[in-house]
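>>> I'll drop the sequence and a predicted model, then ask my questions.
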Amino acid sequence: DEAEETAEALGLDLHVVDAKAKFADLCLDAVKANATYQGYPLGTALARPVIAEAILDVAEEEDCDAIAHGCTGKGNDQLRFEAVWRGSDLDVIAPVRELGLTREWEIEYAEENDLPVETGDGGVWSIDENIWSRAVEGGKLEDPDYEPPAEIYEWTAEPDGETTIEVTFEAGVPVAVDGEEMD
């Protein structure tokens, strides 16, 4: 819905690509490999190349000359996207990096132009959500002494008693939850 709102607000064509199965396969490979970073699941890092490949496929189908992204100049996402795109014949444009734009400027621009952009707590932190993980980072959250507000925990709640869930694995891949087989 948010993508449709944004495309409509900007007068852009919208291409929705269903890459859930491809991403889920990659996530299961990550489970088998115990792929984490300091105990943190690599949801964002795993998702970016899948997203980049889907974008590249659409760009090539639409006979585009270039691909642009809004990654910050200091973030890892620019590498994750561009590592896929730079192998193509398309130019890669990174306006946030190339023009030195700030998060504050982007939020102000979106507000002035009535663009529907979710910014977490007024842009204090960023939220990345996909079928594998939900990452909230940046701003005050980088300070170990800061206690984040409860509203950032949309996927979790304080435990209410003891709950046990049985996950069955075959060859390192989860195949059932509480005895119910799943894809």
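Received it, and whenever you're ready, just let me know what you need.

>>> count the residues that sit near V92.
If you count neighbours by other C-beta atoms under 10 Å, V92 ends up with 15. From N, CA and C alone the C-beta is placed, and that goes for glycine too.

>>> how near is it to I55?
Separation of V92 from I55 (C-beta to C-beta, to the nearest Å): 11 Å.

>>> list residues touching both of those two?
I67, W85 (C-beta atoms under 8 Å, 6 or more residues apart in numbering).

>>> let's verify W132: helix, strand, or coil?
coil (DSSP: H, G, I helix; E, B strand; the rest coil).

>>> let me see the contact set for it.
Going by C-beta under 8 Å, 6+ apart, W132 touches F23, C27, P41, G43, L46, A47.

>>> pop out the phi and psi values for it.
phi -100, psi -30 (degrees, to the nearest 10).

>>> can you pull the contacts of the residue nearest to D178 when sequence neighbours are not counted?
The shortest distance from D178 to any non-neighbouring residue, by C-beta to C-beta, 6 or more residues apart in numbering, is to E166 (5.4 Å). Residues counted as contacts of E166 (C-beta under 8 Å, 6+ apart) are V177, D178, G179.

>>> thinking I152 is in contact with A135, fair?
No: look at I152 against A135 with C-beta atoms under 8 Å: they stay out of range, at 10.5 Å.

>>> quick one, which of those two is more surrounded?
More neighbours surround A135 than the other of I152 and A135, with 19 against 15 (other C-beta under 10 Å).
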